[in-house]
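A.B. asks: sequence and predicted structure are below.
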Amino acid sequence: MARRRQLYEGKAKILFEGPEPGTLVQYFKDDATAFNARKKGVITGKGVLNNRISEYLMMRLHEIGIPTHFVRRLNMREQLIREVEIIPLEVVVRNVAAGSLSERLGIPEGTRLPRSILEYYYKNDQLNDPMVSEEHITAFGWATTQDMDDIVALTLRINDFLTGLFLGVGITLVDFKLEYGRLWENEEMRIVLADEISPDNCRLWDSKTNEKMDKDRFRRDMGKVEEAYQEVAKRLGILPEAGIRDLKGPELIQ
Ligand code: TMP
């Protein structure tokens, strides 16, 4: 089969040209990075699990009317998505203090926040994704005020929905990061959810024990990283049928 044209390679995913104009294929790697790629590693089976988890969450969000770039999963590691113009922002939602918020403001990890807090980071590896305000975003034209109204409304709905969904399977949604894109249809532009939602970009804690079930296990060298991602998939009811053996993808039969 002719190799498809690769358009972009990120830290955890590769984008290929899709089968029709306006589509892309998003391939999920096992590579993991943290601290702007200063820490690198491989989490075996992560790509397969994140492909599944993100598919599942995007489908559930679609059901409640959230527009997303997701079209369908193609195979173990790939999904078909709509091509969008990525808005260069990381939108972070926090429900419980953790990570950089705890470090910066001295609020102990695990403190429930008085209300959900939104933060924006400018997607720019050279600058280390600096935190920015809506003032910077609109002044520099990364997004308009109308775009930001849509992004805030969508993000709050997504947070409400995912908080409940995870709580239902015994997981606290501590915080997570979203990315959005612009999709043009018949001269009209819509803001849609893009990228992925997975334990790579969420903090997920067991609701009873507060045990971490996300990429912090890799960032902080806590071990049992693969197992944690698998447990998230298992609780969501989407672990590939054959379990862990299935995670490496199809094997060539000699
Ligand atoms: P932080 O506490 O390090 O700022 O992270 C907040 C949330 O955003 C956490 O769930 C991890 C996620 N995140 C990403 O997905 N990508 C990133 O580059 C960073 C820094 C955080």
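C.D. replies: Looks like it arrived, so ask away.
A.B. asks: ok, whatever residue of the stretch 51-200 of the chain ends up closest to the ligand - how many residues close by?
C.D. replies: For the stretch 51-200 of the chain and the ligand, the shortest gap (Cβ to the nearest ligand atom) falls at residue 99, measuring 2.2 Å. Every residue, glycine included, has its C-beta placed from N, CA and C. Residue 99 has 15 neighbours, counted by other Cβ atoms under 10 Å.
A.B. asks: quick thing: my sequence starts at 47, can you match it?
C.D. replies: With 47 as the first residue, the last one maps to residue 145.
A.B. asks: pretty sure residue 147 sits against residue 139.
C.D. replies: No. Assessed by Cβ atoms under 8 Å, residue 147 is found out of contact with residue 139, at 11.1 Å.
A.B. asks: the one helix or strand residue 273 maps to and the ligand, are they touching?
C.D. replies: Assigned by DSSP states H and E, residue 273 belongs to helix 271-281. No. Counting by Cβ under 6 Å from any ligand atom, the ligand has no neighbours in helix 271-281; the shortest distance is 13.1 Å.
A.B. asks: list the contacts of that helix.
C.D. replies: The contact list for helix 271-281 (Cβ atoms under 8 Å, 6 or more residues apart in numbering) reads 78, 89-92, 95-96, 98-99, 215-217, 244-245, 250, 258-261, 263-264, 285-286, 290, 293.
A.B. asks: selection in PyMOL covering whichever of the residues you listed are buried, please.
C.D. replies: Per 16 or more other Cβ atoms under 10 Å, the buried members of the contacts of helix 271-281 correspond to this PyMOL selection:
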select buried, resi 78+89+91+92+95+96+98+99+217+244+245+250+258+259+260+261+263+264+285+286+293
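A.B. asks: among the contacts of helix 271-281, which ones are in strands?
C.D. replies: Within the contacts of helix 271-281, residues falling in strands by DSSP state E are 78, 217, 250.
A.B. asks: report the spatially nearest residue to the second one, omitting neighbours in sequence.
C.D. replies: In this structure, residue 217 finds its nearest non-sequential neighbour in residue 250, 5.0 Å apart by Cβ to Cβ, 6 or more residues apart in numbering.
A.B. asks: go on, residue 228?
C.D. replies: Here the nearest residue to residue 228 in space, its sequence neighbours aside, is residue 131; by Cβ to Cβ, 6+ apart that works out to 4.4 Å.
A.B. asks: overlap in contacts of residue 147 and residue 139?
C.D. replies: 163, 221.
A.B. asks: return the residues of the stretch 197-300 of the chain in contact with the ligand.
C.D. replies: Counting by Cβ under 6 Å from any ligand atom, the stretch 197-300 of the chain sits next to the ligand at 221-223, 247-249.
A.B. asks: so residue 49: helix, strand or coil?
C.D. replies: Here residue 49 is coil, with the state taken from DSSP: H, G, I helix; E, B strand; the rest coil.
A.B. asks: so which bits of the helix holding residue 273 are buried?
C.D. replies: Of all the residues in helix 271-281, those buried under the rule 16+ other Cβ under 10 Å are 271-272, 274-279, 281.
A.B. asks: just name the closest of these to residue 184, please.
C.D. replies: residue 278 (35.6 Å; Cβ to Cβ).
A.B. asks: quick check: the gap between that closest one and the ligand.
C.D. replies: According to Cβ to the nearest ligand atom, to the nearest Å, residue 278 stands 13 Å off from the ligand.
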